[in-house]
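S.K.: I need the structure of the sequence given here:
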Amino acid sequence: MSRSFKNPALKDHKDMELNEEWTNFMKRIGEVSGLVKDLAGGDKDKADAAKILADRYLEGKDINVDDVKMTVKHDRTVINQKAFKSLEKNDTGELDKDAWMAEVSKDAERRALDRKIRHEKADTLKTQAIKAFRRQEYEKALSCYNKAIEQVKDNPMFYCDRALTNIKLGNYQKVFNDCEWALRLNEKSFKARLYKAKAHKELEEFDKLEECKKELYEIFPQHDDLIKYFLNKEEGMFEDESQDI
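M.R.: Below you'll find the predicted structure:
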């Protein structure tokens with residue numbers, strides 16, 4: 001029977017990372033101790049505000065206590081509250097490092113798993129959208145892209161693909177928003193600029209079209225022929241641009 005041995009150096013490295021994270025965290029021990037007391041106290045408003053601040057600590061955000069209102073109508077926090085049950089020892093405010101780090105680790109693992117599941121769902125929806133697009137079932141393709149974007153909102157290709165689908169459906173005004181989102185996520189997106197130019201052409205907004213074309217030719221001179229081909233082609237003659245462009 002074969003045995004697998006873990007490299008002890010990996011454990012040491014992990015311990016070093018945890019210790020470094022703990023050291024950085026302890027620099028703000030005063031604020032955290034205050035959060036613990038508020039969470040353990042009987043004042044609901046203070047406890048709700050403290051949970052918001054605690055979430056920001058986990059997310060690595062800078063915290064300004066003055067910016068957090070003490071009255072909270074809805075509990076939108078993501079922190080696992082178990083992390084605070086063992087944070088105080090003998091009412092001294094002393095923090096239990098192991099308990100805290102264990103809950104931080106669990107929270108990170110949960111978020112990673114959730115992210116993986118959402119990406120897998122989005123990839124499946126994208127595959128369905130591409131198949132529907134090829135069959136010229138553009139409404140179905142649009143629905144799939146809408147659902148894919150609900151799962152993953154930071155993929156610029158999803159916005160580009162939905163923009164092209166809306167071009168096929170004649171929803172030209174909707175193209176611009178998707179192209180802008182794609183460019184925010186990837187400022188070098190060729191498709192976003194191309195589809196934006198196409199929408200201006202179909203809407204006969206020729207001044208804006210010329211601006212887009214100028215930008216395309218300046219940034220992507222290697223695609224000169226493709227730009228001309230796509231913009232001059234009649235709408236009804238597109239064939240599987242979701243893969244080709």
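
S.K.: lowest confidence element among the helices and strands of this structure?
M.R.: Among the helical and strand segments of the chain, the one scoring lowest on mean pLDDT, DSSP states H and E is helix 241-244, with a mean of 48.

S.K.: what helix or strand is D154 on?
M.R.: For D154, there is no helix or strand it lies in under DSSP states H and E.

S.K.: so how many other residues sit close to the residue nearest to it when sequence neighbours are not counted?
M.R.: Once flanking residues are discounted, D154 sits nearest to L185: 6.0 Å by CB to CB, 6 or more residues apart in numbering. Glycine gets a C-beta too; all of them are placed from N, C-alpha and C. When neighbours are counted by other CB atoms under 10 Å, L185 registers 17.

S.K.: which residues does L185 contact?
M.R.: Under the criterion of CB atoms under 8 Å, 6 or more residues apart in numbering, the neighbours of L185 are D154, N155, P156, Y159.

S.K.: got a pLDDT number for the third one?
M.R.: Spelled out, it's P156. Per-residue confidence (pLDDT) for P156: 97.

S.K.: biggest helix in the chain by residues?
M.R.: For the chain, the helix that runs over the most residues, judged by DSSP state H, is helix 97-134.

S.K.: list the helices and strands it packs on?
M.R.: Other elements packing on helix 97-134 under the criterion 3 or more CB pairs under 8 Å, 6 or more residues apart in numbering; DSSP states H and E are helix 8-26, helix 138-151, helix 156-169, helix 241-244.

S.K.: who touches the second one?
M.R.: Counting by CB under 8 Å, 6+ apart, helix 138-151 makes contact with 118-119, 121-122, 125-126, 128-130, 132-133, 155, 158-159, 161-162, 165-166, 168-169, all of which sit outside it.

S.K.: now that we have the contacts of L185, which of them are buried?
M.R.: N155, P156, Y159 (16 or more other CB atoms under 10 Å).

S.K.: give me the low-pLDDT residue ranges for this structure?
M.R.: 1-42, 44-97, 100, 235-245 (pLDDT under 70).

S.K.: 50 instead, please
M.R.: 1-11, 61-79, 88-93, 237-240, 242-244 (pLDDT under 50).

S.K.: residues contacting M157?
M.R.: By CB under 8 Å, 6+ apart, the neighbours of M157 are A182, K191.

S.K.: and I167, how far is that from R115?
M.R.: According to CB to CB, to the nearest Å, I167 and R115 sit 31 Å apart.

S.K.: out of those two, which sits in the busier spot?
M.R.: More crowded of I167 and R115, by other CB under 10 Å: I167, with 20 against 12.

S.K.: for the more buried one, what are its contacts?
M.R.: By CB under 8 Å, 6+ apart, the residues touching I167 are V175, Y195, K198, A199, E202, E235.
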